[in-house]
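Chemist: Give me a 3D structure for the following:
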Amino acid sequence: MSVTVALLVLAAMLVFGLPVALAMGVSGAVGLYMFGGWPILQGILKTTPLSTANDYEIITIPMFLLMAEFVIISGVANDLFRAATVWVGRLRGGVAMATALAGAGFGAISGSSTAAAATLASTSIPAMLKEGYEPKLACGVVAISGTLAMLIPPSIALILYGIIADIPIGSLLIGGVIPGLIVTLTIILTIAFLVWRDPSAAPYGKSYSIRDKFRSLERIWPVMVLFFAVTGTIYSGIATPTEASGIGAFCAMLIAAWERQLNLSNFFRALRSAAQTTCMVLFIILGAHIFGYFFTLTRVTNDITTWVGGLATAQWVILAVILLGYLILGFFMDQIAILILTVPVILPLILQMGYDPIWFGVLIVVTAEVGMVTPPLGMNVFVVARYTRRPLGELFRGVAPHVWAHLIVIALLAAFPAITLWLPSTMR
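Modeler: Got it, this is the predicted structure:
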């Protein structure tokens, strides 16, 4: 009875638009009170806030968010886009392909999907529209390229999954590298297909000499520095993810200062923005922990695992249903909230079926990417619409081919776990 009431309270609060952190916290508290009365509820409410914030690995979240803020201040993304345009811009649809490459590069130094979409929207969309690109194609590429920051390390989504699932964050971040490259290639191939089918959607670009191409690489050194400061140190074993996050934030601050973009106002703005986002994430984790304690005490997770384990159904069918559920949730909920709400329930089932938790984490983050660009709550599409003032319907149509291509990538990663697991297996 308490489980039913708690789930109904959660659903009602989400439907009425309350913050997901508050919805999970209140519904979990209601369920705990019904299950064990005030003593159990009071004990959990007293200890959960400290235990939530006291996790050492949570330090990675504010540090990577601060790194992203300094990267935005430095203007590195503009140089990254220009360098990519010099190399591939002469192809039909080349500037759009350069946007995908810039999105991958920005994702490798930020970890924030919405920040990546906003930055790309302000840099690459004006360039594409000026050259005569179809607005639908230009905006769709920017929206989908921004999602790469969810997958390519440092990824806030993967870090949260690692904290919730209690698995090595370093292996999880490195596991996102090859899938991230595959998704980037998929975006480029989708652009190539779209402009082959409709040549009027994108023109040929300007060609550059070999000398110009190599000269353009001089401006992307900050990206390489940050990539090796974070991903390189994690992969080589020089630093833990927590230490690497601090190194990355410090290097990003130095780069912003080197580019003469760091003044006192920008510095405090970056600190405030990173602190605000961190508080939001911690609030969500706190609410999820309260709800999770309720599920643990009522043995809901164990009952679900036992029930599914007794089904006479192939494991790949169960996995497909789980991924379909993540796709549907992505239409209506924020991706971080989805991870925090579902992973404690789904992961025991995944482990019982013998699947690797690192592979599953990368797989559901790729699935969550789709939710960032699908109606009605495609966050990246709304970000691009705000910067371009284009109709939402046009933007969703522009991103639709990329959604179908992403579904193929999800199937590929699900069928061949070694794509995800090979690189983490080579770590020191």
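
Chemist: Give me the contacts around stretch 387-395.
Modeler: Contact with stretch 387-395 is made by 118, 121-122, 125, 135-136, 139-140, 143, 375, 381-382, 384-385, as judged by Cβ atoms under 8 Å, 6 or more residues apart in numbering. Bear in mind the C-beta positions are built from the backbone N, C-alpha and C, glycine included.

Chemist: downstream neighbour of the worst-scoring helix or strand of the chain on mean pLDDT in the secondary structure list?
Modeler: Least confident helix or strand of the chain, by mean pLDDT, DSSP states H and E, is helix 300-309 with a mean of 66. Note on helix 300-309: by DSSP states H and E, the next helix or strand toward the C-terminus is helix 315-332.

Chemist: immediately after that next one, which helix or strand?
Modeler: helix 335-352.

Chemist: Contact partners for residue 243?
Modeler: Going by Cβ under 8 Å, 6+ apart, residue 243 touches residue 233.

Chemist: So for it, what's the pLDDT?
Modeler: Residue 243 is assigned 88 on the pLDDT scale.

Chemist: so it is in which element?
Modeler: Going by DSSP H and E, residue 243 is in helix 241-258.

Chemist: Just give me how far that helix sits from the chain centre.
Modeler: 20 Å (Cα atoms, centre = their mean, to the nearest Å).

Chemist: Could you give me the buried positions within that helix?
Modeler: 241-242, 244-249, 251-253, 255-256 (16 or more other Cβ atoms under 10 Å).

Chemist: relative to helix 335-352, how tilted is the next helix or strand after it?
Modeler: Next helix or strand after helix 241-258 toward the C-terminus (DSSP H and E): helix 264-297. Put simply, helix 264-297 runs at 40 degrees to helix 335-352, going by axes from the mean of the first three to the mean of the last three Cα atoms, to 10 degrees.

Chemist: So which elements touch helix 264-297?
Modeler: helix 2-15, helix 20-53, helix 60-74, helix 156-165, helix 335-352 (3 or more Cβ pairs under 8 Å, 6 or more residues apart in numbering; DSSP states H and E).

Chemist: Of all those, which one comes closest to residue 224?
Modeler: Ranking the helices and strands packed on helix 264-297 by proximity to residue 224 (Cβ to Cβ) places helix 60-74 first, at 13.2 Å.

Chemist: Quick check: next helix or strand after that closest one?
Modeler: helix 76-88.

Chemist: Which strands or helices does the helix or strand following that following helix pack on?
Modeler: For helix 76-88, the following helix or strand on the C-terminal side (DSSP H and E) is helix 94-107. On a contact count with 3+ Cβ pairs under 8 Å, 6+ apart, helix 94-107 meets helix 76-88, helix 113-130, helix 135-146, helix 177-197.

Chemist: Highest mean neighbour count out of the ones you listed?
Modeler: helix 135-146 (a mean of 28; mean count of other Cβ atoms under 10 Å).

Chemist: about what we covered before: in a markdown table, list the buried residues of helix 241-258 along with distance to residue 172.
Modeler: Shown next, in a markdown table, are the buried residues of helix 241-258 (distance: Cβ to Cβ, whole Å):
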| residue | distance to residue 172 |
| --- | --- |
| 241 | 9 |
| 242 | 13 |
| 244 | 13 |
| 245 | 14 |
| 246 | 18 |
| 247 | 18 |
| 248 | 16 |
| 249 | 20 |
| 251 | 22 |
| 252 | 22 |
| 253 | 26 |
| 255 | 26 |
| 256 | 28 |
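
Chemist: on that earlier part again, looking at the helices and strands packed on helix 94-107, which is closest to residue 4?
Modeler: helix 113-130 (34.7 Å).
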